[in-house]
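Asker: 3D, please:
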Amino acid sequence: MHRWMLMMLAGSVLLLTCAAGCESVVTTEPFGEPVRDADELRERLAGSWVVGDEVLHLRIEDNGELHGAALATTDDGFTMHEWRAVIHDHDDQWYLFLTTDEVDDDTDDKHFDFLRVSFASPDTMLFMLPDVRTFREAVEADRLAGEIQERQFDPDQVDEHGEAVDEAIGTDGQTSGRSVRRRAVQRTIVLTDRPSLESFINSEEVGRQFHVDTPIVLRRLTPARQR
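Answerer: Model prediction:
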């Protein structure tokens, strides 16, 4: 998946947290209706944005798909990662869904990472990550259709994006024929029903469902009025 992109946006604190054991929320289908007005998307999203120490380049294709490239500095120079996303509108609010070709091994369902998009000004965009605890508790209480998947892994075998690269660890603490002293849990809340999710997410509860008080702030490098 492209969860590394969300981690990059959220910063190193989230990356370190995920290396020790991490929760995330995904959906098997984007909710809301796709925003198809490519001109509106270009006006509001296209261009170069600064987030932390990284630069995010966004381009809108004619079909409305968002094509992004993230440029970051490393000890060895620079790295660039490309990704694609779609923007949907639900309850007069935009949501970004990272598209992927990966599927669940058991169900063949795709998993889409998502976040809420808002604007403080034409040149200041806010990304709000979902509050994992709120969605997890709703699934556990059967108020939201979904399931909780857990995977154990060796926290020493995590790549630069916080993704587990070792084999899943069994209950005997063995992987690849060797003993593992430490184990971490990667927990994914998988939301499996679009109507259920659309009923659950609403403007009255957004403060509990997304991190609206601590958004990821992106500032446009070239102000809209100068483009």
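Asker: Show residues contacting the helix or strand where E137 lies.
Answerer: Using DSSP states H and E, E137 falls within helix 132-140. Helix 132-140 is touched from outside by 23-25, 144-148, 187, 189, 191, 200, 208-209, with contacts defined as CB atoms under 8 Å, 6 or more residues apart in numbering. Where you see a C-beta, it was placed from the backbone N, CA and C, and this is true even at glycine.
Asker: Now do the phi/psi pair for F200.
Answerer: With angles defined as degrees, to the nearest 10, F200 sits at phi -70, psi -40.
Asker: is it true that it touches R143?
Answerer: Yes. If you go by CB atoms under 8 Å, F200 and R143 touch, sitting 7.1 Å apart.
Asker: Give me the more crowded residue out of these two.
Answerer: F200 (20 against 12; other CB atoms under 10 Å).
Asker: coming back round to it: among the contacts of helix 132-140, which lie within helices?
Answerer: F200, R208, Q209 (DSSP state H).
Asker: okay if I get the residues you listed as JSON lines plus distance to D76 and pLDDT?
Answerer: Formatted as JSON lines, the ones in helices among the contacts of helix 132-140 follow (distance: CB to CB, whole Å; pLDDT from 0 to 100):
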{"residue": "F200", "distance to D76": "44", "pLDDT": "95"}
{"residue": "R208", "distance to D76": "41", "pLDDT": "92"}
{"residue": "Q209", "distance to D76": "39", "pLDDT": "95"}
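Asker: Just list whatever residues bridge to I189.
Answerer: V25, I148 (DSSP bridges).
Asker: List the residues that contact it.
Answerer: I189 makes contact with E23, S24, V25, V26, V132, F135, R136, V139, G146, E147, I148 under the criterion CB under 8 Å, 6+ apart.
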